[in-house]
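K.L.:
Structure for the following, please:
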Amino acid sequence: MEQYPDPLNGIFLALADPTRRAVLGRLGRGPASVGELAAPFDMALPSFMKHIHFLEGNGLIQTRKQGRVRICAIETQQVLAVQAWLSDQRAIWEGRTDRLEQFVIAAHGQEAET
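P.N.:
Residues are numbered from 1 along each chain as shown. Here you go, the predicted structure:
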């Protein structure tokens, strides 16, 4: 059984796209309208909205209508899930590199003795 749920797969797919990463980076500074988020990108609004829907569908952002404007905000719960997964991976790899270091030191010590 997989330790991390399938939603993590969608989150990483969302993060794989530079436009979506840029949107998340901007939303990290606070909520913004779709128009504000779309402004730096050279694409039609319907194309940009696909990115917004993908982020929202994978739980990375929330959108709400405020009058005629759609406001987006980052959803911290999913960001925390990614952070937990990355933290676990870091611990695994640090353990592996520590064991590799011990192996190299031991092998080097054995070479010096011969």
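K.L.:
The nearest residue to Asn58 once chain neighbours are set aside and Gln83, how far apart?
P.N.:
Among residues not flanking Asn58 along the chain, Gly10 sits closest, at 4.0 Å (C-beta to C-beta, 6 or more residues apart in numbering). In this view, the C-beta of every residue, glycine as well, is placed from N, C-alpha and C. Counting by C-beta to C-beta, to the nearest Å, the gap from Gly10 to Gln83 is 16 Å.
K.L.:
same question, Cys72
P.N.:
When Cys72 is compared with Gln83 (using C-beta to C-beta), they lie 20 Å apart.
K.L.:
out of these two, which sits in the busier spot?
P.N.:
Comparing Cys72 with Gln83 by other C-beta atoms under 10 Å, the one with more neighbours is Cys72, at 23 against 11.
K.L.:
how far away is Val79 from Gln89?
P.N.:
16 Å.
K.L.:
for Glu111, same thing?
P.N.:
From Glu111 to Gln89 the distance is 33 Å (C-beta to C-beta).
K.L.:
residues of the helix or strand harbouring Leu37 that come out buried?
P.N.:
Secondary structure from DSSP states H and E places Leu37 in helix 34-38. For helix 34-38, burial by neighbour count (16 or more other C-beta atoms under 10 Å) applies to Val34, Leu37, Ala38.
K.L.:
Can you list the buried residues in the helix or strand just after that helix?
P.N.:
Counting by DSSP H and E, the next helix or strand C-terminal to helix 34-38 is helix 45-57. By neighbour count on 16+ other C-beta under 10 Å, the buried set for helix 45-57 is Phe48, His51, Ile52, Phe54, Leu55.
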